[in-house]
Every structure is written in structure tokens, then in C-alpha cells.
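Novice: model this:
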Amino acid sequence: MRADVPVAFIIFNRPDTTAMVFEEIRKAKPSKLYVIADGPRPDREGEKEKTEECRRYVEEHIDWPCTLEKIYSDVNLGCKVRVYTGITEVLEKEPWTIILEDDVVPTQSFFDFCADLLHMYSDDKKVMMISGTNYFDGHEIKDNYTFSCFSSIWGWATWARAWQYYDPDIKRWPEIRKSGKFKRVQGGIAYLFLKEHMDSVYEHRKDTWDLQWDFARHSHRGLGIVPAGNLVRNIGFEREDATHTNSNGASDMNFSYGSVSFPLEKKAEIKRDVDYDAAFIKKYYGMKKLMKAGMRRMHIIK
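Specialist: Alright, predicted model coming up:
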């Protein structure tokens, strides 16, 4: 892994998954590690001890030459505020970073994939992120990677130049919704999901940070890089302590590891892979998904 690319590790209250992810970071030996940690919730018994255990595990197991930067909060900021303020602090100091949460276990090739592409596309403003995730096996990517609007934050990397557009409150959403600009990203039924997601953030109904990153990319016509083979595994599903992954369509995803081959090559043209995105929309935003969403909403109304 390139020595000039730092890793940002987001942890909270899960010592077991924190240790699993950290052991892969440990093998990669980044020269600089930022640890972003939220504080315990006062009404959760035993959570203070768990947050302390997670922090202690990381601090005590750094056994390679590494600068540790601790971005810790003594109080609970919540998912939205803790993550975006933590990443912002990292990217105020660094031109780029690789980002891992405490339930995303990467392959070692993930680090090289992200680091190489961070260098390769550092000046290409159209590329706003690099993802290590490709759980969608319904479309073959012929090269090592492609460009998509649907790049995941389960193991990813980005630049300070792209993160500057992040707005936790998506204040421009009413203007963009009126213009219909996002319909070029997701049309038809898929747009209904996109609109609902953005409405929920704008109206402060959802404590999350990742939808705002979608907003930043879509509103600036930014693309993400998706690997041909999946380079991470999310181990946070179906856990009682999961934040947003209890029922996130995991049954439709292929969680096995894939691969990419090195050296990577820079593409002559940066353009959206419309075939990949169309296949992705069909699978994850089709009529079946709409019916499920409708049933959930009926249950909530009842």
C-alpha cells in the first residue's frame, strides 16, 4: 500500500467486528491511521465500556511505524454528526483518505486498489469516490473497474476536493427537486426511492450521513468507481447492534470476495456505465422493491 494514503477507521461499540476489521488494516500497515469514535449513549447500559474496549484494542495493537490520530468524542453525537464531522476533520488535513467502518472487512487488495486509483484520478473532478464494494453480480464488468452513480460506502476512498461539496442538511434539495435534475440519475420508479431518501434527510427524519454523500455526488454529476470483483465483506447484517443494516436487502447481495488484477490502468474516457447502472436499477429499484416498500409503509400506517 502507498505510504502517503491514510486510512480513516470509524468505530463505536462493537469490539468483535472492530478487531476483525483492524486486523486487515494492521496487515496493510498504513503510515497514518485516523480513528473516528463516537461516545456512548447515556441510556445504554454497558456501552461506555464497549466504546472504551474498541478504542483500547486499536491503540494497543498498532505494532508497525504509524502515526495515530484520535478523533474521539466523549459524548454521543449520533451516526450522522459523528461520521461526517470525523471524515471532514480528516480531509481538512489530508488530500485523500481510505475509509472503513467497523463492520466492513476488506481484502488486502482493497487498499492497493483504492490507493492506486486515488493517485490516478486525483485531478479528475468528475470522479468523486472509489468503492471497494460490488455485491451486484448481475452485470459483468469487463475491465478491473467501471464508473457508476451507484458506488457504495462499504469500504471506500475519496478526495478533499470532492468532500468539500458535502452538506449534512442538503439545503439545496428543494431547488434540485423542483428542477428534476436527479431524474437523470434515477428515472421512473427508482426516482421515487431517491426522492423519498432525500426528503427524509432534508426533513430531518433520518439520522444518517451517507444519503447526503449521494446528494453531493449527484448534484455535481460526480461518478464513483466500482471494482469488477468485490473487495470487502459487510459483517454487520442481522445483528442486534446494527445501525442501518438489519433489513437492507442483504438477501439480494453476493457477499463473497472477488478480485481485481494489477497493475491498474487509467481509462482514456470517464463516463457513466449506463448498462451497469440500468441493470442495477432494474434489480434494486424494480417493481418488486416498490411492492415491498409499499407493504412496509402500510404496516407502519396500521
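Novice: does the most centrally placed residue in the chain sit in a helix, a strand or a coil?
Specialist: Among the residues of the chain, the one closest to the centroid is residue 153, at 1.3 Å (CA atoms, centre = their mean). Following DSSP: H, G, I helix; E, B strand; the rest coil, residue 153 is assigned to coil.
Novice: pretty sure residue 172 is in contact with residue 219, am I right?
Specialist: Yes: counting by CB atoms under 8 Å, residue 172 touches residue 219, with 6.6 Å between them. For the C-beta atoms, the positions are set from N, CA and C on the backbone; glycine is no exception.
Novice: These two: who's more crowded?
Specialist: Using other CB atoms under 10 Å as the criterion, residue 172 and residue 219 rank with residue 219 on top: 18 against 14.
Novice: Nearest residue to the more buried one in space, please, no chain neighbours.
Specialist: Once flanking residues are discounted, residue 219 sits nearest to residue 176: 5.9 Å by CB to CB, 6 or more residues apart in numbering.
Novice: Remind me which helix or strand the one you found belongs to.
Specialist: Under the criterion of DSSP states H and E, residue 176 resides in helix 173-179.
Novice: now the residue nearest to the centre of the chain, nearest residue through space, not along the chain?
Specialist: Nearest residue to residue 153, sequence neighbours excluded (CB to CB, 6+ apart): residue 210, at 5.2 Å.
Novice: after the helix holding residue 176 comes which helix or strand?
Specialist: That would be, after helix 173-179 and using DSSP H and E, helix 188-202.
Novice: CA atoms of that next one as PDB?
Specialist: What follows is helix 188-202, C-alpha atoms only, in PDB (Å, rounded to 0.1, in the frame of the first residue of the first chain):
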ATOM      1  CA  GLY A 188     -39.100   6.200 -13.100                       C
ATOM      2  CA  ILE A 189     -39.700   4.100 -10.000                       C
ATOM      3  CA  ALA A 190     -36.100   4.500  -9.000                       C
ATOM      4  CA  TYR A 191     -36.600   8.200  -8.700                       C
ATOM      5  CA  LEU A 192     -39.400   7.700  -6.200                       C
ATOM      6  CA  PHE A 193     -36.900   6.000  -3.900                       C
ATOM      7  CA  LEU A 194     -34.300   8.700  -4.400                       C
ATOM      8  CA  LYS A 195     -36.800  11.400  -3.700                       C
ATOM      9  CA  GLU A 196     -38.000   9.700  -0.600                       C
ATOM     10  CA  HIS A 197     -34.500   9.300   0.700                       C
ATOM     11  CA  MET A 198     -33.700  13.000   0.100                       C
ATOM     12  CA  ASP A 199     -36.900  14.200   1.600                       C
ATOM     13  CA  SER A 200     -36.200  12.100   4.800                       C
ATOM     14  CA  VAL A 201     -32.800  13.800   5.200                       C
ATOM     15  CA  TYR A 202     -34.000  17.300   4.400                       C
END
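Novice: Perfect, I'm done here.
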